[in-house]
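K.L.:
Mind looking at a prediction? Sequence and model below.
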Amino acid sequence: MSPRFSNHREGYRALGQAIHFGDGDLEDSPQRTKHKQTLFVWLLAITIVCTVLDFSMIVWDQFIRVDLRSAASSSDKLEQLPFQNPYLNLEILYRDPDFKSSTHDPIINNGPVIAQVSNRERQKIIPPFQRYNSVGRDRAPIYERRLLVTHELESIAQFRVLDFGMENCSLSLTVPPRNSTGDLLYADLGDSIILDVWSLPAKHKLDLYNLSWSKLPRPRVHIGHMNVSYGKTYRMPSFSCKSQSYQTFALSCSTPGCLVNVTGKDMGPSGLYLYQSQTI
Ligand SMILES: *[C@@H]1O[C@H](CO)[C@@H](O)[C@H](O)[C@H]1NC(C)=O
Ligand SMILES: *[C@@H]1O[C@H](CO)[C@@H](O)[C@H](O)[C@H]1NC(C)=O
Ligand SMILES: *[C@@H]1O[C@H](CO)[C@@H](O)[C@H](O)[C@H]1NC(C)=O
Ligand SMILES: *[C@@H]1O[C@H](CO)[C@@H](O)[C@H](O)[C@H]1NC(C)=O
Ligand SMILES: *[C@@H]1O[C@H](CO)[C@@H](O)[C@H](O)[C@H]1NC(C)=O
């Protein structure tokens, strides 16, 4: 019995205290100020925590943005990624001995631009010549590509091997007849002009708009000569070129005092281009 009584008594005492506190809260103004202070301290704490969180978010965001920016600006890294073959399973189809492949005409593969570098001023970036002719609204424009080679300028051309199963490539140069072109061929000794042709080990796309001698991939390999004359097409010996791969060439003067200024203007054979013929 007695524990029960004592429980009651404690209960009343607690109730009394609760009432007393309640009264005090209403009447006692220092007590109220204390509560306001507590509230203020809490709000301040929350504000500080939020501010700190905000700032850390901003800092974090900045770091992430810096990362993204550096990744985007180093497009070199992106350019180094391998090309995915867009021709899915064609090689399986062509492996079937019963499959008869159709014949295709060779492709004239024109690069969009030919760049020039100076072998005297090796840091110099020469803005490449580029003009395009629009041939009606519904057609892609034709870019003019200028092959310019002197004793001091070299031309750099890069081609991506087009299509599927057209993996027999030959670097070619077509110059129109003398009386029907503004193209200029000149050499100190007569009309016969010979260019040195080099293959550059570029695994990825070169920035032809921001190229100098010093930025060229090395070591380059001398792969032969090219005879240039009016009204003729000269083809280099053909080589095997993987679909979607980059083929990069440098052309320099072999003949002393030579000047070659040939502008490719057409979709057809004109100026310097890669001639691709069928291999399947
Ligand atoms: C590659 O094409 C040339 C013509 O441009 C031809 O003479 C040669 O036989 C072809 N080679 C192969 C392996 O198809
Ligand atoms: C260019 O000269 C050739 C002969 O060498 C001639 O047959 C041709 O008609 C001439 N073309 C023009 C556009 O004058
Ligand atoms: C190359 O030829 C074009 C016209 O076909 C001309 O405008 C340009 O000045 C020439 N460049 C040089 C270096 O001779
Ligand atoms: C050209 O390349 C250099 C590095 O080789 C780079 O610093 C510069 O920003 C590039 N310029 C343009 C316009 O891309
Ligand atoms: C290219 O020029 C060289 C030297 O003049 C000559 O020996 C060679 O036969 C020429 N080649 C062609 C295909 O004209």
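P.N.:
Looks like it arrived, so ask away. Numbers count the residues shown, from 1 in each chain. Ligands and ions are numbered 1, 2, ... in the order given.
K.L.:
Residues of the stretch 101-250 of the chain that sit close to ligand 3?
P.N.:
Within the stretch 101-250 of the chain, the positions near ligand 3 by C-beta under 6 Å from any ligand atom are 148, 182, 184. All C-beta atoms are positioned from the backbone trio N, CA, C, and that covers glycine.
K.L.:
how about a cut-off of 5 Å?
P.N.:
Taking C-beta under 5 Å from any ligand atom as the contact definition, the stretch 101-250 of the chain meets ligand 3 at residue 182.
K.L.:
near ligand 2, which residues of the stretch 101-250 of the chain show up?
P.N.:
Contacts of the stretch 101-250 of the chain with ligand 2, taken as C-beta under 5 Å from any ligand atom, map to 179-180.
K.L.:
Closest residue of the stretch 101-250 of the chain to ligand 3?
P.N.:
Nearest to ligand 3, among the residues of the stretch 101-250 of the chain, is residue 182, at 4.0 Å (C-beta to the nearest ligand atom).
K.L.:
all strands for the protein, in order.
P.N.:
107-109, 114-118, 131-133, 142-149, 153-160, 168-175, 184-186, 193-200, 221-228, 232-235, 239-240, 246-253, 259-264, 271-277 (DSSP state E).
K.L.:
With residue 212 as the reference, measure out to the residue nearest to the residue of the stretch 101-250 of the chain closest to ligand 3 when sequence neighbours are not counted.
P.N.:
Leaving aside its sequence neighbours, residue 182 sits nearest to residue 263 (C-beta to C-beta, 6 or more residues apart in numbering; 7.5 Å). According to C-beta to C-beta, to the nearest Å, residue 263 stands 23 Å off from residue 212.
K.L.:
of those two, who's got more company?
P.N.:
Legend: neighbour count by other C-beta atoms under 10 Å for residue 263 and residue 212, higher for residue 263 (20 against 15).
K.L.:
which ones are touching the more buried one?
P.N.:
Counting by C-beta atoms under 8 Å, 6 or more residues apart in numbering, residue 263 touches 144-147, 182-183, 271.
K.L.:
before we move on, what about residue 181?
P.N.:
Shown in contact with residue 181 (C-beta under 8 Å, 6+ apart): 175, 230.
K.L.:
how far away is the residue in the stretch 51-200 of the chain positioned nearest to ligand 5 from residue 105?
P.N.:
Across the stretch 51-200 of the chain, the shortest distance to ligand 5 (C-beta to the nearest ligand atom) belongs to residue 192, at 4.9 Å. Separation of residue 192 from residue 105 (C-beta to C-beta): 31 Å.
K.L.:
Look at the two and report which has more neighbours.
P.N.:
Higher neighbour count among residue 192 and residue 105: residue 192, with 12 against 8, using other C-beta under 10 Å.
K.L.:
Surely that one touches residue 230?
P.N.:
No. The pair residue 192 / residue 230 is not scored as a contact, 11.3 Å apart, by C-beta atoms under 8 Å.
K.L.:
Burial check on residue 225, number of neighbours?
P.N.:
Using other C-beta under 10 Å, residue 225 has 14 neighbouring residues.
K.L.:
Could you measure from it over to ligand 2?
P.N.:
Distance, residue 225 to ligand 2, by C-beta to the nearest ligand atom, to the nearest Å: 26 Å.
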